[in-house]
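1. how would this look folded up:
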Amino acid sequence: MIAAALAAPAAARQAEEADYRAAAYEMVDKIEDNYAYRDRFEGEAIPFTPVLQREAADVDDASALLAFAERMLLVLRDHHAITGSSFSDSWAVVPTYADLWIVSREADYIVDAVRTGSPASAQGILPGMRLTHIGDDSAANAIAAFWNDLGLADPDAEARGFAARVLAAGRRDRERQLTFADGGNRLAVTLPSLYSIEREPMPPVSLSQNGDVATITFNNSLGDSATIEAFDAMMAQAIDSKRIVLDLTETPSGGNTTVARAIMGWFTREPKPYQTHSLPAEYRQTGIARQWTEYVLPREGQFYAGPLACVSVAGPAAWGKGWPSECDPSVQVWKEVVWPDCLGRSTICNWKPGWCSNCP
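-> Predicted coordinates for the structure are as follows:
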């Protein structure tokens, strides 16, 4: 009886470990079945590398499962693919907790954008500078090591840029040591993690008035349902302005379509196509494609007929999506999808010189 009593907890532990291990493999299956952008990988195969396979086989508790999940998502090189939970020393979420947007161009790593008011900006880092070192390693070596650790060699430009942005944002619990070059000048900086910086509470949106021009600024709130009521209140105050500017320059965490449709509904009198959805997983499973179009609908009793401008920044899609400025969805979705003819009203502007000639 004593032996049986001692064996019972051990058997329970083994069963629990098996459950966690099964969850790791289930996660991989879900990614392979449902990830929408498998065409980014050779043969549309999710890179479940031998390194990650060994780690999945070793998962035996909740902590190991989370560590595996974080690393498995890294190989997707997709800044939207993140876990809900994290460790104190997990990589910073990009671009929400990033102040530098780095792109890979041939053999160089170029600063494409610097977040206004950030530690990087305060240290004098400017767009166009080259990231040359991360810690004591050259940027090239650090990025190669990042991917080698996950079992991937010879990363392409997209993967190298992804790793550069993650490494530049750093671990959540420590400072970042980065070195940049600007022509013949060298700039070595120590930057705090953005997680260590206390942020002042901000309302979802803010309104400022400059003569007859009203500017409504979104304070990283495009994913917050409270933004809808707050935006409606700001629009009610600005409705008599001769021109309204929507400032999307500080929306690093992206948003959702409910908030987007609520905003855009103020500026149309009829249903307008907003975005097209498809389910690649269903096509892979059945061979039958599924696709549908989502519309923006007018808001009852809420319409602004005056000139409208949307302002973003050069670089990572108003710090929201991580796309290059020429593909900025936070702005161009208004111009190219919702209003293909611009209705003679919408001006798409950018702070980058030369982007347009009629910015507000």
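2. I figured L207 hits A238, correct?
-> Yes: L207 is in contact with A238 according to C-beta atoms under 8 Å; the separation is 6.3 Å. Every C-beta, even on glycine, is put in place using the N, C-alpha and C of the backbone.
3. Between those two, which contacts overlap?
-> Common contact partners of L207 and A238 (C-beta atoms under 8 Å, 6 or more residues apart in numbering): A214, I216.
4. just the strands in the stretch 251-360 of the chain please.
-> For the stretch 251-360 of the chain, strands defined by DSSP state E, counting those that start in this stretch occupy the ranges 272-278, 291-296, 308-312, 346-350.
5. Pick the most buried one from those.
-> strand 308-312 (a mean of 22; mean count of other C-beta atoms under 10 Å).
6. Mind listing the strands it pairs with, and their directions?
-> When sheet partners are counted by DSSP bridges, strand 308-312 sits next to strand 243-247 (parallel), strand 346-350 (parallel).
7. isn't G135 right up against Q177?
-> Yes: using C-beta under 8 Å, G135 makes contact with Q177 at a distance of 4.9 Å.
8. lowest-confidence stretch among the strands paired with strand 308-312?
-> Mean pLDDT per stretch puts strand 346-350 lowest among those, at a mean of 37.
9. Can I get the strands of the stretch 251-360 of the chain in TSV including distance to Q14?
-> Below are those laid out as TSV (distance: least, C-beta to C-beta, whole Å):
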stretch	distance to Q14
strand 272-278	43
strand 291-296	46
strand 308-312	54
strand 346-350	58
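10. among those strands, which is nearest R105?
-> Minimum separation from R105 across the strands of the stretch 251-360 of the chain (C-beta to C-beta) falls at strand 346-350, 20.0 Å.
11. domain ranges for this protein?
-> Under the assignment automatic domain parsing, the domains of the chain span 15-87, 100-196, 205-350.
12. what about the second one, distance to the chain center?
-> In this view, domain 100-196 has its centroid 17 Å away from the chain centroid, taken as C-alpha atoms, centre = their mean, to the nearest Å.
13. pLDDT averaged over that domain - what is it?
-> On average, the pLDDT along domain 100-196 is 96.
14. ok, now stretch 78-94?
-> Per-residue pLDDT over stretch 78-94 has a mean of 95.
15. Mean pLDDT lowest where, among the strands of the stretch 251-360 of the chain?
-> Of all those, strand 346-350 carries the lowest average pLDDT, namely a mean of 37.
16. got the residue ranges for the helices in this structure?
-> 2-34, 50-58, 62-74, 119-122, 139-148, 157-169, 226-238, 257-264, 280-286, 317-320, 329-332 (DSSP state H).
17. Burial-wise, tell me which of the ones you listed comes out on top.
-> Among these, ranked by average contacts under mean count of other C-beta under 10 Å, first place goes to helix 317-320 (a mean of 27).
18. re the thing from before, can I get the domains of the chain in TSV including distance to V94?
-> Formatted as TSV, the domains of the chain follow (distance: least, C-beta to C-beta, whole Å):
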stretch	distance to V94
domain 15-87	5
domain 100-196	5
domain 205-350	7
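19. Which one of these lies nearest to V93?
-> Counting by C-beta to C-beta, V93 lies closest to domain 15-87 out of the domains of the chain; the figure is 5.8 Å.
20. now the helices of the chain in CSV, with distance to R105?
-> Shown next, in CSV, are the helices of the chain (distance: least, C-beta to C-beta, whole Å):
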stretch, distance to R105
helix 2-34, 29
helix 50-58, 28
helix 62-74, 22
helix 119-122, 19
helix 139-148, 12
helix 157-169, 8
helix 226-238, 36
helix 257-264, 31
helix 280-286, 30
helix 317-320, 18
helix 329-332, 22
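21. Compare those and give me the one nearest D112.
-> For D112, the closest of the helices of the chain is helix 157-169, at 9.0 Å, according to C-beta to C-beta.
22. Can you list the helices and strands that that closest one packs against?
-> If contacts are counted by 3 or more C-beta pairs under 8 Å, 6 or more residues apart in numbering; DSSP states H and E, helix 157-169 sits against strand 100-105, strand 108-114, strand 130-134, helix 139-148, strand 176-182.
23. Swap in 6 Å and give it another go.
-> Counting contacts by 3 or more C-beta pairs under 6 Å, 6 or more residues apart in numbering; DSSP states H and E, helix 157-169 is packed against strand 100-105, helix 139-148.
24. can you count the residues close to the nearest residue to D136 once chain neighbours are set aside?
-> Once flanking residues are discounted, D136 sits nearest to Q177: 7.8 Å by C-beta to C-beta, 6 or more residues apart in numbering. For Q177, the count of nearby residues is 15 (other C-beta atoms under 10 Å).
25. How about I239?
-> I239: 15 surrounding residues under other C-beta under 10 Å.
26. Ramachandran coordinates for the residue nearest to it when sequence neighbours are not counted?
-> In this structure, I239 finds its nearest non-sequential neighbour in Y304, 6.2 Å apart by C-beta to C-beta, 6+ apart. Y304 adopts backbone torsions of phi -120, psi 120, taken as degrees, to the nearest 10.
27. Many thanks, we can stop here.
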